[in-house]
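Chemist: A structural model of the following input is requested.
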Amino acid sequence: MAGSSIMESLFQRSLEDLIKGLRLQMIGESQFISKSMEEIRREIKSTDPHTKSIALQKLTYLHSLHGVDMSWAAFHVVEVMSYPRFHHKKIGYLAAVQSFNDNTDVLLLITNQLRKDLTSSIDFEVSLALQCLSTIATTDLARDLTNEIFTLLSTSRIYVKKKAIGVILRFFSKYPDAVKVVFKRLVENLENSDPAATSAAVGVFCELTSKDPTLYLPLAPEFYRILIDSKNNWVLIKVIKIFARLAPLEPRLAKRVVEPICEHMRKTGAKSLMFECIRTVVTSLAEYESAVKLAVLKIREFLLDDDSNLKYLGLKALSIVAEKHLWAVLENKEIVIKSLNDEDPNIKLESLHLVMAMVSENNVAEICRVLVNYALKSDPQFCNEILESILSTCCRNFYQVIVDFDWYVSVLGEMARIPNCQKGVEIEKQIIDIGMRVTDVRSELVRVSRDLLIDPALLGNLFIHKILSAAAWASGEYVEFSKNPLELMEALLQPRTTLLPSSIRAVYIQSAFKVLIFCLHSYFLHTERSEDFNPRNSNEDKSVEDGGDLIVKLINLVENELGPLSGSHEVEVQERARNILNFVELIKQELNGNFMQEEWQFDSEKSKALKFIEAIHASFSNELGPVSSSAQERISIPDGLLLKENLSDLETICGDFGFPTATSLSLFQGEGVSLSKLSIAEEPEPSTESTSLLAEHRKRHGLYYLPSEKNDILSNDYPLANEATLKENFNDDTEVLVGLAEQSLGSKKKPNHSKPRPVVLKLDEGDEVPPASAKKSGLKDDSLSGAVRDVLLGNSPNPSDNLSNSRKGKEKVNVDGQSSIKSKHHSHGKGRKHKSSEKNEENGKKERQSSHRHDRSKARNRAEAPVNVAPQTTVIPDFLL
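Modeler: Residues are numbered from 1 along each chain as shown. A predicted model of the protein is given here:
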């Protein structure tokens, strides 16, 4: 057996051989790994420690770099961890760190091995165990090994102590009761003379304060001492991070630490420490003007540095300052604007955010004009970042910074024409939203939509199909503002619309139907018919052609362009096209093709065609308003409506009722059978029982069904939108934007607009974006926070008692401080017990029993009394007052 082990060791491939073979293999990587795994599976079963260790080392390499599963080798990992040689032990611990998790079954087997290595006299073995625990420690391991960590926190071996301090963070998260044992010793390490131990302890508290900083306010004196005395930049960075979280909680503390932080900012040459001081001042000490001015001065040094990393940090810090101190951005506006031309994309993006932070009502038009020119000459990624910034800034708070909506709608049209534009969805939403909210802008919106629709080159751009959909919708919804409906109809029905998806082509056809209905209604049913067709009922821009001739052209155009679409394989396109064609056929039958006669050949009161035109036009004329996404949530449930009681049988009522799959409804019958009718015909007819039940349910609860009539929409008498006053001078030089910032941002006067800002239609109060719910001053009182609070307030048990209790392994650490005191007295009394004391205890037994009964009755009375305890507040030492 020994001979076979020697032979296996001699001919075994090492990790270096495996890596070389993997790089030089010719049979394929997966096949080579499969063969290597077969070899590893055979070698890892060997009894020779060296062979098993090398096999596990190769397996760990394949697991970490190629994702090979090694959960099957968990027991072999435990074996290698227990080998006495450090070289083998290191391989085992590395494999455990790489492969073990909370669900690994063999974790319970390594408890004793970890305890043995933690108590070893060799620092490197202790280090291996600590490093492993920092990654794989579970609740059970943390509970069982807390005593050993407590011992290592006071060791004189600094190499071991600093790693033991680092493991505490994992122990606290897995086993919060460990706080009661090791927290005080952890605090003592803040006063350690060795900088490595102090640095490790500060690092742990830096992580703990990120979860609940309120609990650690009593430790402010220790952190303040380190802030004053420490010369280690990394320790200072962590301490400053801690004060950035504590200062907002205690104003006196902020007043105390602002001067030392500013002193570090003035004297330090380390950019990392300076940046942390700047960030702390601008986020947590922003009310101290002198400190903010010093921070802005240091930020300028970052901005002027040639290092791109420092310049980026300067822009990042400036963006934080801009939230409360916009003047800091104005002082550095030249550098910010010139950074838009930087080669680093991160610097360009940060400078863009700062430029958008300077936007106001009096400069939004000029800044957007210059940024659109930047987008034209930028790479696709930065181009879309610019467009997204413009869109998000302008629509903020219901277009608060927009005064001239005619200008903004034209800007949206220009954005759509930028070759690299990929923000079709956002532009589509804003076009529709502005059309519904701002009445005065609809004329300009129709003009911009018409310009987009008549450009056939835009149909081939996949990214702006959504914009074309919004333009088509706006053209049909607000067709009364169009000066040339025939041109609009030609744009909606042009042959190149075949390049569009079926969903967007359906919008085009529906908008064409709206245009047709509007023209027919204006021509046939207008109260005062004029010789010239004018949809807007004004005497300006009179058409040369007669109105009847225009109607003939519209109907011929509809028949020629929609005729081929009646046989389309796309259901929505086919059904909408057939609806319009059948409607046109009905009109032609009623009028007998005589559109030019002065006296109509039909009675307007009896004509079906005119009734259809009037009914459909009336339905299209109902104005659509914006609907809040949370509107339904704000509707209170009526008193008489019990949802569970009244609607519990709804599934039974409608269970057999078949709903059609098509979303639209055919109005007229054609020669062929539409696909929508085909699908409805295949659905099973509802049973008589379910139909009667549904009717009965409607009758009983008719109050909660939607009414068939539409409520009248209140008219909105908004003032006219002001005309564009800005010149369309697209000079894209950087100096233009710098000059603009000096003029518009430097002036604090509000712009004097010639006309008032048009009314932006809002919904009810719930239309506004709900603010983020303010965080409570105290976070969730979890077990870790409670344990830390008990220790800092003096309610924790003695650590020695916890150690003795946990060594027994039968009960957890005491939570009640009073019970721990009892156990302490009991243990001390037990140690001093002798024969003479036994007799005295027997004599006083009855006395103690009676006193205990008396104490219990007192406690019971106190428990029955109402509790009136003032909440304990965190105490700040007097030196901070």
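
Chemist: what segments of this protein are strands?
Modeler: Using DSSP state E, the chain contains no strands.

Chemist: what is the least confident helix or strand in the protein?
Modeler: Within the chain, no helix or strand scores below helix 675-682, which has a mean of 35 by mean pLDDT, DSSP states H and E.

Chemist: so residue 240 sits against residue 227, correct?
Modeler: Yes: between residue 240 and residue 227 there is a contact under C-beta atoms under 8 Å: 7.2 Å. The C-beta positions use only the backbone N, C-alpha and C, and glycine is treated the same way.

Chemist: which one's more surrounded, these two?
Modeler: residue 240 (24 against 21; other C-beta atoms under 10 Å).

Chemist: residues touching the more buried one, list them.
Modeler: Applying C-beta atoms under 8 Å, 6 or more residues apart in numbering to residue 240 gives the contacts 227, 261, 264, 273, 276-277, 280.

Chemist: do you know how far the residue lying closest to residue 783 once chain neighbours are set aside is from residue 163?
Modeler: Using C-beta to C-beta, 6 or more residues apart in numbering and skipping residues adjacent in sequence, the residue nearest residue 783 is residue 176, 4.0 Å away. Plainly put, residue 176 is 21 Å away from residue 163 if you go by C-beta to C-beta, to the nearest Å.

Chemist: between these two, point out the one with more neighbours.
Modeler: residue 163 (22 against 19).

Chemist: check what pLDDT the closest residue to that one other than its chain neighbours gets.
Modeler: With C-beta to C-beta, 6+ apart as the criterion, residue 163 has its nearest non-adjacent residue at 4.3 Å, and that residue is residue 130. pLDDT for residue 130: 95.

Chemist: would you mind confirming that residue 130 makes contact with residue 118?
Modeler: Yes: using C-beta under 8 Å, residue 130 is in contact with residue 118, at 7.3 Å.

Chemist: got any residues that touch both of the two?
Modeler: residue 152.

Chemist: ok, residue 579 to residue 482 distance?
Modeler: Counting by C-beta to C-beta, the gap from residue 579 to residue 482 is 22 Å.

Chemist: wait, residue 347
Modeler: 46 Å.

Chemist: one more: residue 620?
Modeler: 14 Å.

Chemist: next: residue 382.
Modeler: From residue 382 to residue 482 the distance is 37 Å (C-beta to C-beta).

Chemist: repeat that for residue 106.
Modeler: On the measure of C-beta to C-beta, residue 106 and residue 482 end up 77 Å apart.

Chemist: repeat for residue 292
Modeler: 55 Å.

Chemist: of those two, who's got more company?
Modeler: Legend: neighbour count by other C-beta under 10 Å for residue 292 and residue 482, higher for residue 482 (23 against 20).

Chemist: phi, psi of that one?
Modeler: Here is the backbone geometry of residue 482 (degrees, to the nearest 10): phi -80, psi 140.

Chemist: what sits against it?
Modeler: Shown in contact with residue 482 (C-beta under 8 Å, 6+ apart): 446, 450, 475, 488, 515, 535.

Chemist: understood, closing this out.
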